[in-house]
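heads up, no residue letters with this:
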């Protein structure tokens, strides 16, 4: 009896040890340091950043997916829908948003459905219904373009520092590919991720010229195109690239100072446009709250509806005209 008990205890001890070792091997294989390195590499290749959000990364196939669902991916890659999908994907890439084309289209469809169903259920008049449909149709595009403009403005502010970084590193004797890697690791977002993407493309075997062209396509800035063209010309004809990049950095800083002065000079016009654009909306909102019966004639009477449409058209034309007056391109 004692022998059987001793054998059972030994086998139980061995089973517990094997169970613990198996749990440890499973955990280290899925959550250990090696697994994390592999996961980061796969996320990099699958166009995901370190924080889990989508970022403009490179894939092995050099092809971004428009949807996680295979059937929707195939639908978006049809010849009739492919140009629209490419345009939306490029805008999402330039805006730095972690959305796919399918998600953007899904949000758009959801907003349109809500705008089509909610106003009639709430008993709102037809102009309010049409206004809700227009807002649902334009809101995602406006938010996308606003995020893109903000990111490009941030990239333009960081570009002189990146050009100086490239110039100093080249003077120190580093190769251009290593300099791209250093800029990607040392510079803050969003310019760091863009240069890191260019380095990863070169690391995967993409030619240097093509990787730089891809960088210019992802960041549609004139100053960055100057930098890319300078590097490409230097690779073909030779020259002092470090000095050339330093000159580009000084030129970009001078342009940014000039843009800042222009924004100061046009601030009054921009404020006037905002006030003149929002004042009629605020006035009709206050009148609706204080004297609803008096102001409701505008959207209940056919003549009032026509006046609203004429007024909206005149306001839109005036805002576009003021925008052209205060918008100065360099």
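Great, that's in hand. These numbers come from a predicted model, not from an experiment. Residues are numbered from 1 along each chain as shown.

residue 173 in helix, strand or coil?
Counting by DSSP: H, G, I helix; E, B strand; the rest coil, the backbone at residue 173 sits in coil.

phi first, then psi, for it.
Main-chain torsions, residue 173, degrees, to the nearest 10: phi 100, psi 10.

quick check: the gap between it and residue 179.
Separation of residue 173 from residue 179 (Cβ to Cβ, to the nearest Å): 10 Å. For the C-beta atoms, the positions are set from N, CA and C on the backbone; glycine is no exception.

check residue 209 too.
Distance, residue 209 to residue 179, using Cβ to Cβ: 16 Å.

repeat for residue 159
Distance from residue 159 to residue 179, by Cβ to Cβ: 15 Å.

go on, residue 148?
Counting by Cβ to Cβ - residue 148 and residue 179 are separated by 27 Å.

between those two, which one's more packed in?
Between residue 148 and residue 179, residue 179 has the larger neighbour count (other Cβ atoms under 10 Å), namely 22 against 19.

now residue 25: how far from residue 283?
Residue 25 is 71 Å from residue 283, by Cβ to Cβ.

how many other residues sit next to residue 223?
20.

pLDDT score assigned to the residue lying closest to it once chain neighbours are set aside?
Distances taken as Cβ to Cβ, 6 or more residues apart in numbering place residue 252 nearest to residue 223, at 4.7 Å, with adjacent residues excluded. Looking at residue 252, its pLDDT is 85.

same deal with residue 328?
Looking at residue 328, its pLDDT stands at 69.

kindly report the same for residue 62.
We have a pLDDT of 51 for residue 62.

same check, this time on residue 11
pLDDT, residue 11: 72.

residue contacts, it?
With contacts taken as Cβ atoms under 8 Å, 6 or more residues apart in numbering, residue 11 has no neighbouring residues.

quick one: least confident helix or strand in this protein?
Least confident element among the helices and strands of the chain, by mean pLDDT, DSSP states H and E: helix 33-45 (a mean of 62).

beyond that helix, next helix or strand please.
Next helix or strand after helix 33-45 toward the C-terminus (DSSP states H and E): helix 70-76.

who does the helix or strand following that next one touch, helix- and strand-wise?
Downstream of helix 70-76, the next assigned helix or strand under DSSP H and E is helix 82-95. Packing partners of helix 82-95 (3 or more Cβ pairs under 8 Å, 6 or more residues apart in numbering; DSSP states H and E): helix 101-122, helix 126-171.

low-confidence regions, the stretch 201-330 of the chain specifically.
Flagging of the stretch 201-330 of the chain using pLDDT under 70 yields the residue ranges 328-330.

can you get me the start-to-end distance on stretch 285-303?
19 Å (Cα to Cα, to the nearest Å).

can you pull the buried residues of it?
295, 298, 299 (16 or more other Cβ atoms under 10 Å).

kindly report the same for stretch 177-188.
Buried, per 16+ other Cβ under 10 Å, within stretch 177-188: 179, 180, 181, 182, 183, 184, 187.

how about JSON lines for these, with secondary structure, pLDDT and distance to residue 79 added?
What follows is those, written out as JSON lines (DSSP: H, G, I helix; E, B strand; the rest coil; pLDDT from 0 to 100; distance: Cβ to Cβ, whole Å):
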{"residue": "179", "secondary structure": "helix", "pLDDT": "86", "distance to residue 79": "41"}
{"residue": "180", "secondary structure": "helix", "pLDDT": "86", "distance to residue 79": "36"}
{"residue": "181", "secondary structure": "helix", "pLDDT": "86", "distance to residue 79": "39"}
{"residue": "182", "secondary structure": "helix", "pLDDT": "87", "distance to residue 79": "42"}
{"residue": "183", "secondary structure": "helix", "pLDDT": "86", "distance to residue 79": "39"}
{"residue": "184", "secondary structure": "helix", "pLDDT": "85", "distance to residue 79": "36"}
{"residue": "187", "secondary structure": "coil", "pLDDT": "86", "distance to residue 79": "40"}
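
redo those as a markdown table? Include distance to residue 257.
Listed next are these as a markdown table, based on distance: Cβ to Cβ, whole Å:
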| residue | distance to residue 257 |
| --- | --- |
| 179 | 26 |
| 180 | 27 |
| 181 | 31 |
| 182 | 27 |
| 183 | 23 |
| 184 | 27 |
| 187 | 21 |
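
hang on, residue 276 packs against residue 318?
Yes: Residue 276 is within contact range of residue 318, at 6.9 Å (criterion: Cβ atoms under 8 Å).
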